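**Q** Provided below for reference: sequence and predicted model.
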Amino acid sequence: MPKAAFTTLGCKVNQYETQKILESFEEAGFEVVPFDAVADVYVVNTCSVTGQAESKSRYTVRKARRTNPDAKVVVTQPARGQYKAFSAVCTHVGCIMSEVANGTIDCPCHGGQFKVTNGAVVAGPPPSPLPARQVKVVNGQVILL
Ligand code: FES
């Protein structure tokens, strides 16, 4: 059963929203675990009305990424038969990549883009490349090592 962890930063409205999101994950078959546990999905419901709130949000996302850096992986095929894999967690503030197109892996949050060949930053605010993951092809299937 996939696991999801939730945390809320901010006001009572955010707490209410988090409860609703949590319930939708439960209905979809997720087990809800504490935020400091290893999970497949981490939901940080926050706002960034102040610099301090934004800083706290970034810290919380990084904490989740440290708990399970392999929560999401993106696989690309820069050339026929050549597979590359990277963490799907953006190195900016931790959004999950949403698309692979036109030679880049794209983050939906602030315009971050990374090369499909090596994960290098090509656009946006991410401070570092996507960390590489090892894969191999066995009987036509891409296996994460
Ligand atoms: S989180 Fe990806 S560009 Fe900001």
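**A** Cool, the structure landed. Numbers count the residues shown, from 1 in each chain.

**Q** My understanding was that P125 contacts G112; is that so?
**A** Yes: using CB atoms under 8 Å, P125 makes contact with G112 at a distance of 6.4 Å. Using the backbone N, CA and C atoms, a C-beta is placed for each residue, glycine as well.

**Q** Tell me which of these two has more neighbours.
**A** Neighbour tally, P125 and G112, criterion other CB atoms under 10 Å: the higher count belongs to G112, 24 against 14.

**Q** Would you mind listing the buried residues in the one helix or strand K136 maps to?
**A** Per DSSP states H and E, K136 falls inside strand 135-138. For strand 135-138, burial by neighbour count (16 or more other CB atoms under 10 Å) applies to V135.

**Q** ditto for stretch 115-129
**A** Here stretch 115-129 shows 115-116, 119, 121, 126, 129 as buried, counting by 16+ other CB under 10 Å.

**Q** Nearest to the ligand, out of the residues you listed: which one, please.
**A** For these, the closest approach to the ligand (CB to the nearest ligand atom) belongs to P126, at 5.4 Å.

**Q** Pull the contacting residues for that closest one.
**A** 90-92, 107, 112, 114 (CB atoms under 8 Å, 6 or more residues apart in numbering).

**Q** Could you rerun that using 7 Å?
**A** 90-92, 112 (CB atoms under 7 Å, 6 or more residues apart in numbering).

**Q** Narrow those to just the buried residues.
**A** Buried among those by 16+ other CB under 10 Å: 90-92, 112.

**Q** just the strands in this protein please.
**A** 3-8, 31-33, 41-45, 73-79, 82-87, 99-101, 104-106, 113-115, 121-123, 132-133, 135-138, 141-144 (DSSP state E).

**Q** what packs against the second one?
**A** By that I understand strand 31-33. Where contact means 3 or more CB pairs under 7 Å, 6 or more residues apart in numbering; DSSP states H and E, strand 31-33 is packed against strand 3-8, helix 12-27.

**Q** Distance of the nearest residue to E99 once chain neighbours are set aside relative to V13?
**A** In space, and not counting its chain neighbours, E99 is closest to D106: 4.5 Å by CB to CB, 6 or more residues apart in numbering. With distances taken as CB to CB, to the nearest Å, D106 is found 30 Å from V13.
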